[in-house]
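In: just need the structure, nothing else, for what follows:
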Amino acid sequence: MDETAPAAAGDATHGGGHLPPHGYTPAKDEYLKRLRRIEGQVRGIARMVDEDTYCIDVLTQISAVTKALQAVSIGLVEDHLAHCVVDAARQSPEAGAAKVREASDAIARLVRS
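Out: Modelled structure (predicted):
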């Protein structure tokens, strides 16, 4: 990101104008690759259910998908903290605090899920 460019007016809400890259943008292709793999795993689980596969085998695959999604989530949280939260904190203490609150709420949702 060009650090000399002013922040977009709607940066905090991602509204209007040209949007700066998100924290995950440099790793976007890797995230998409991982999500496609997870998507395939979920389709495989649906096939297992359709074919009346043994319950424990289905649950084992669900556990694997859950762990894979958690790994993606952790990566996104790390990218968000390193990029979005740090950038907001550089703008102002208030903007930084708002991004920290936003990240904390997102983490709380992940922990509850």
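In: ok, Gln61 to Tyr24 distance?
Out: Taking CB to CB, to the nearest Å as the measure, Gln61 and Tyr24 are separated by 26 Å. Where C-beta positions appear, they are placed from N, C-alpha and C, glycine not excepted.
In: which stretches of this structure form helices?
Out: All helices of the chain, identified by DSSP state H, fall at 28-50, 55-80, 86-91, 93-112.
In: and these as a markdown table, adding mean neighbour count and mean pLDDT?
Out: Below are the helices of the chain laid out as a markdown table (neighbours: other CB atoms under 10 Å; pLDDT from 0 to 100):
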| stretch | mean neighbour count | mean pLDDT |
| --- | --- | --- |
| helix 28-50 | 13 | 97 |
| helix 55-80 | 14 | 96 |
| helix 86-91 | 16 | 95 |
| helix 93-112 | 13 | 95 |
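In: which residues does the residue nearest the centre of the chain contact?
Out: Nearest residue to the geometric centre of the chain (CA atoms, centre = their mean): Leu76, 3.7 Å. By CB atoms under 8 Å, 6 or more residues apart in numbering, Leu76 lies in contact with Gly23, Tyr24, Tyr31.
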